[in-house]
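In: heads up, no residue letters with this:
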């Protein structure tokens, strides 16, 4: 903000100086029609009076041997100062003799121009500079307060007071930002409360349903499997929604850790392998993984969940290093991603080309957000051998 202030301040000052200088030149050249004046030292005046026969002479214009440019200057200004070896000579026309008679004064010493006007100009410009600063500096100071408060809100998601005084020019803007921060913080709090309510109010009936199903002995096996699958689907959707609620309003910076890659990924694979007949294969070529364990576990779970859901026989989870990046990939042998797969990165979206990929949306959005927090990239593509989905997560390595 300070840089923008000095840039605007310099622009205004230079613009004012340029405008005043231009008007000064216009005034001198076109509006101020004063007679030509020559400044002489006081000591020179008495000398001219005593030696007026030698220093004052009358000539005719045809007796002057002046270049055309000087002759034109003499005709226009009615006076001309010429410097020669013996001294300075001043020529001026006699207005009463139709410009034919020329008076020559000299040799004389011309007094140097007085510079007291420069002091006045300096004082005037300094006053203008101080006035401009007094007008724009408070605005930039208050804008800096708004900037600082906005950045703090982006980190903590809590309502803030800007500290801008009511007399400030930007006070209405500061008041609007404060009201907006209060509404957003209340919305986030409501969202978190709703997530906790959903977690309790929906998972509790699902647990009861599972318990009741376990007590039934005469129920049809196919019907029992269908009910269990539907309960699993509801729980998975609920888990994705809660993950979405957590990642959407992350307020604290991630604490990146260096963890054992094989142990971490094996634990996540085991969680998914229990509930599926699809084989999950691991190919880990890195000893360490740079990530925040809690959020990255959500990322891996979503990738494995989608892979297992659409795979026919096998899902492969791999981790390797490529240059300064760690590459985590999950691919399956399912139907693959549609051509408009990028639409699946938006929350609660689905593909327009394929109903098969409709369930990817929320999971991939969560993956993309967590990947972004880790400073990485998410790439959606098709595996060249199996034709299934290939999801690539690129993470920067740390020393």
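Out: Great, that's in hand. Every value quoted in this text rests on a predicted model; they were computed, and no experiment measured them.

In: Quick one: mean pLDDT for the longest helix belonging to the chain?
Out: Ordering each helix of the chain by length in residues (DSSP state H) puts helix 171-215 first. For helix 171-215, mean pLDDT is 78.

In: cool, and stretch 392-399?
Out: Rounded mean pLDDT across stretch 392-399 is 82.

In: what comes up buried for it?
Out: For stretch 392-399, a neighbour-count test (16 or more other C-beta atoms under 10 Å) marks 392-395 as buried. The C-beta positions use only the backbone N, C-alpha and C, and glycine is treated the same way.

In: same check, this time on stretch 178-186
Out: Within stretch 178-186, the residues scored as buried using 16+ other C-beta under 10 Å are 178, 181, 185.

In: Same list, the residues you listed, but as a markdown table with distance to residue 328 please.
Out: Formatted as a markdown table, the buried residues of stretch 178-186 follow (distance: C-beta to C-beta, whole Å):
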| residue | distance to residue 328 |
| --- | --- |
| 178 | 42 |
| 181 | 36 |
| 185 | 34 |
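
In: tell me which element the residue lying closest to residue 173 once chain neighbours are set aside is part of?
Out: Distances taken as C-beta to C-beta, 6 or more residues apart in numbering place residue 146 nearest to residue 173, at 6.9 Å, with adjacent residues excluded. Assigned by DSSP states H and E, residue 146 belongs to helix 116-156.

In: Which ones among the buried residues of stretch 392-399 lie within strands?
Out: By the criterion of DSSP state E, membership of the buried residues of stretch 392-399 in strands covers 392-395.

In: Could you double-check that residue 158 sits in contact with residue 186?
Out: No - counting by C-beta atoms under 8 Å, residue 158 does not reach residue 186; the two are 10.6 Å apart.

In: on that earlier part again, so the longest helix of the chain versus helix 116-156, what angle?
Out: Angle between the axes of helix 171-215 and helix 116-156 is 10 degrees (criterion: axes from the mean of the first three to the mean of the last three C-alpha atoms, to 10 degrees).

In: Packing partners of helix 171-215?
Out: The contact analysis (3 or more C-beta pairs under 8 Å, 6 or more residues apart in numbering; DSSP states H and E) places helix 171-215 against helix 116-156, helix 221-248.

In: Quick check, the residue nearest to residue 173 in contact with residue 162.
Out: Yes - counting by C-beta under 8 Å, residue 146 does reach residue 162; the two are 5.6 Å apart.

In: So for these two, which residues contact both of them?
Out: Both residue 146 and residue 162 are contacted by 174, 177, under the criterion C-beta atoms under 8 Å, 6 or more residues apart in numbering.
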